[in-house]
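A.B. asks: Predicted structure and sequence below. I'll ask about it afterward.
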Amino acid sequence: QVQLVESGGGLVQAGGSLRLSCAASGRTFSFAVMGWFRQAPGKEREFVAAIRWSGDTSDDTSDADFVKGRFTISRDNAKNTLYLQMNSLKPEDTAVYYCAARRGYGLAYDSNAYDYWGQGTQVTVSS
């Protein structure tokens with residue numbers, strides 16, 4: 001089993017920044033990709049970004065069009081921790097942000113492709 005615990009959410013004004021963290025424990029060798037998803041009230045869960053647990057090229061990360069230039073996904077393998085640096089936040093970024101991990105190697109956009117999930121952390125951006 002893999003346990004994922006997110007932290008770093010909170011309330012921020014538009015234009016501000018937050019950094020989310022996701023600490024992984026358990027059988028961390030069993031997954032190849034980690035990602036961030038978000039879900040706003042009344043909306044479906046949507047893909048934010050993903051990264052392979054090994055590899056450091058641009059092909060080892062992927063992110064949604066709506067976060068390009070604002071959010072950056074990264075990882076610290078030694079700490080088994082995934083990060084999401086969020087800059088230039090907008091009110092429409094308000095959502096619960098979830099960390100996820102999958103055994104497969106592809107940078108999947110579909111939440112059904114992920115095998116493990118954290119409990120989520122709330123991000124609220126005020127205008």
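C.D. replies: On my side now, so go ahead.

A.B. asks: What strand or helix carries the residue nearest in space to the middle of the chain?
C.D. replies: Nearest to the geometric centre of the chain sits W36, at 2.1 Å (Cα atoms, centre = their mean). Per DSSP states H and E, W36 falls inside strand 33-39.

A.B. asks: Can you list the strands that the helix or strand of the chain with the lowest mean pLDDT pairs with?
C.D. replies: Here the helix or strand of the chain ranked lowest by mean pLDDT, DSSP states H and E is strand 61-63, holding a mean of 93. Paired strands of strand 61-63, with direction, are strand 46-52 (antiparallel) (DSSP bridges).

A.B. asks: hang on, G35 packs against V48?
C.D. replies: Yes. Using Cβ atoms under 8 Å, G35 is in contact with V48, at 7.3 Å. Backbone N, C-alpha and C define where each C-beta goes, glycine included.

A.B. asks: more crowded one of those two?
C.D. replies: Neighbours were counted for G35 and for V48 using other Cβ atoms under 10 Å; G35 has more, 27 against 24.

A.B. asks: Which residue, other than its chain neighbours, is closest to that one?
C.D. replies: A50 (3.6 Å; Cβ to Cβ, 6 or more residues apart in numbering).

A.B. asks: So what sits opposite A24 in the bridge?
C.D. replies: With DSSP bridges as the criterion, A24 is bridged to L4.

A.B. asks: wait, it sits on N77?
C.D. replies: No. Using Cβ under 8 Å, A24 is not in contact with N77; the gap is 10.1 Å.

A.B. asks: Among those two, which residue is more densely surrounded?
C.D. replies: Using other Cβ under 10 Å as the criterion, A24 and N77 rank with A24 on top: 22 against 9.

A.B. asks: Who are the contact partners of the more buried one?
C.D. replies: A24 makes contact with V2, Q3, L4, F31, M34, N80, T81, L82, A101, according to Cβ atoms under 8 Å, 6 or more residues apart in numbering.
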